[in-house]
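> Build me a structure from this.
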Amino acid sequence: MNLHPADQLAFDKAMVTQPVWNRFNTAAEALSLPRNVLLHAGPAFAAPDQITMPILNSACVAAVYEGIAKDFDQAEAMIMAGEIELKPAQDHDVVTPLAAVVSASMPLHTVYDAWRGLQRVYAPINEGSRPAMRTGLRSDAVLEHLRWLNTRFRDVLQNGIAEGIALVPLAVVGLIGGDDCHGRTHVATSALVAELKDRTRGSIADEDALDFMATSPSLFLNLWMAATKCMMKLAEGIDGSSFVTAAGGNGHEVGIQVSGLPGRWFTIPADPPGGRLDVDLPQDRALGAIGDSAVVEGFGLGAMAIQLSPSQRENFAAYLPDDSQVRAAGLSVGSHPYFRALDVRLGSTARGAVASGAGPIVGLGILDRLGKAGRLGAGIYDMPVAPFVRAMEALG
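The predicted structure is shown next:
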């Protein structure tokens with residue numbers, strides 16, 4: 001495929017990057033985020049009455065965590081009245097999974113470009129398999145786990161970072177071991193935990209934290225989302241470039257951004273991912289596509305590199321489009337030096353999507369649209385070409 005020069009330049013800027021996790025910052029410290037502003041996945045909601053129930057639930061938990069509401073009911077009333085504002089995380093250099101919401105005092109992984117040091121991206125700590133904000137539940141159990149995660153467990157992680165942990169090498173280890181760096185991050189998480197244990201002076205003494213690490217195979221995911229977004233951000237601002245620099249859904253809409261038009265979302269209504277539900281509920285309980293983790297597929301991994309993960313390919317075989325491998329080749333841009341041994345191409349462009357007639361395929365968790373049952377399963381979201389067409393029209 002002959003690349004447009006602007007897309008090639010954006011891709012080159014994204015690839016000359018070494019994302020490193022080197023510390024924690026709160027959103028207030030890093031972004032001067034006001035206490036009454038909460039950050040969510042995907043594009044903005046046009047009005048409070050459009051906020052999907054899982055994100056509303058998580059926003060209520062975050063408001064109580066932040067201390068700006070005394071209980072969940074007061075938090076909801078403040079959100080609907082506009083006293084608490086919800087804004088897109090990616091517009092603030094933050095990525096957050098599924099329905100998870102970020103507030104001012106939450107500690108965030110800080111991932112920076114170690115080669116130039118000019119770009120930082122942030123992500124909350126992955127909540128593992130315990131009661132989790134990302135599943136869109138409004139409960140005291142979610143709030144209690146969030147408090148533990150952001151204090152005791154944060155301290156354990158902080159003690160193991162040392163001078164910083166490069167994330168691309170861990171992703172490569174994961175891909176070689178059968179991860180796809182989105183739906184499956186078991187191997188990369190094991191490598192991350194081994195690094196943390198090795199770097200911790202003495203040893204990790206917190207048995208609850210050790211148990212959490214051993215039973216949370218997605219700990220690497222949020223870090224990798226931030227690393228991916230860090231690389232994408234470095235490609236922003238190339239005049240005429242259609243290189244994809246943002247991708248995500250809020251359950252109501254799905255959208256993308258491109259290099260040549262930084263900060264501008266191109267959106268469509270969010271259909272639910274296709275997949276088997278793990279609970280006895282009808283398919284119409286599935287929420288539309290949600291989460292900033294779509295940046296992983298926008299970057300060319302996850303379901304776009306599902307051939308590298310036999311278990312993921314088997315799990316989702318019935319829901320993959322027939323042209324999934326051809327599409328991955330048509331949308332992708334080129335190679336990253338670290339990934340060349342894996343024969344995987346990275347990046348995507350709106351030009352490539354329009355030429356192919358389809359967007360990327362994205363592996364996503366499926367949430368209950370009513371916000372009662374949490375996570376229903378996982379599936380494949382086949383992103384239509386429409387937002388890419390609109391991006392190209394705007395570039396033109």
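
> where exactly do the strands run in the stretch 101-250 of the chain?
Per DSSP state E, counting those that start in this stretch, the stretch 101-250 of the chain carries strands over the ranges 107-113, 120-124, 165-166, 244-250.

> Tell me who's in contact with the closest residue to Glu253 other than its chain neighbours.
Excluding its sequence neighbours, the residue lying closest to Glu253 (Cβ to Cβ, 6 or more residues apart in numbering) is Thr267, at 4.4 Å. Where you see a C-beta, it was placed from the backbone N, CA and C, and this is true even at glycine. Taking Cβ atoms under 8 Å, 6 or more residues apart in numbering, we find Thr267 in contact with Pro43, Glu253, Val254, Gly255, Pro387.

> JSON lines for those, including neighbour count?
Below are the contacts of Thr267 laid out as JSON lines (neighbours: other Cβ atoms under 10 Å):
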{"residue": "Pro43", "neighbour count": "25"}
{"residue": "Glu253", "neighbour count": "23"}
{"residue": "Val254", "neighbour count": "31"}
{"residue": "Gly255", "neighbour count": "25"}
{"residue": "Pro387", "neighbour count": "25"}
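
> Rebuild those residues as a markdown table, extending it with secondary structure, distance to Leu157 and pLDDT.
Below are the contacts of Thr267 laid out as a markdown table (DSSP: H, G, I helix; E, B strand; the rest coil; distance: Cβ to Cβ, whole Å; pLDDT from 0 to 100):
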| residue | secondary structure | distance to Leu157 | pLDDT |
| --- | --- | --- | --- |
| Pro43 | coil | 30 | 98 |
| Glu253 | strand | 33 | 98 |
| Val254 | strand | 31 | 98 |
| Gly255 | strand | 31 | 98 |
| Pro387 | helix | 36 | 98 |
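
> Give the buried residues for stretch 230-238.
Cys230, Met231, Met232, Lys233, Leu234, Ala235, Glu236, Ile238 (16 or more other Cβ atoms under 10 Å).

> Which members of the residues you listed define the maximum pairwise distance?
Longest distance between any two of those is 16.5 Å, between Cys230 and Ile238; criterion Cβ to Cβ.

> For burial, what's the neighbour tally of the residue lying closest to Ala286 once chain neighbours are set aside?
Nearest non-adjacent residue to Ala286, counting by Cβ to Cβ, 6+ apart: Pro272, 3.7 Å away. Look at Pro272: counted by other Cβ atoms under 10 Å, it has 21 neighbours.

> Now for Pro272: which residues touch it?
Here Pro272 is in contact with Gln283, Ala286, Leu287, Gly288, Ala289, Ile366, Gly379, Tyr381 (criterion: Cβ under 8 Å, 6+ apart).

> Just give me the closest of those residues to Leu56.
Among the contacts of Pro272, and counting by Cβ to Cβ, the member closest to Leu56 is Leu287, at 11.7 Å.
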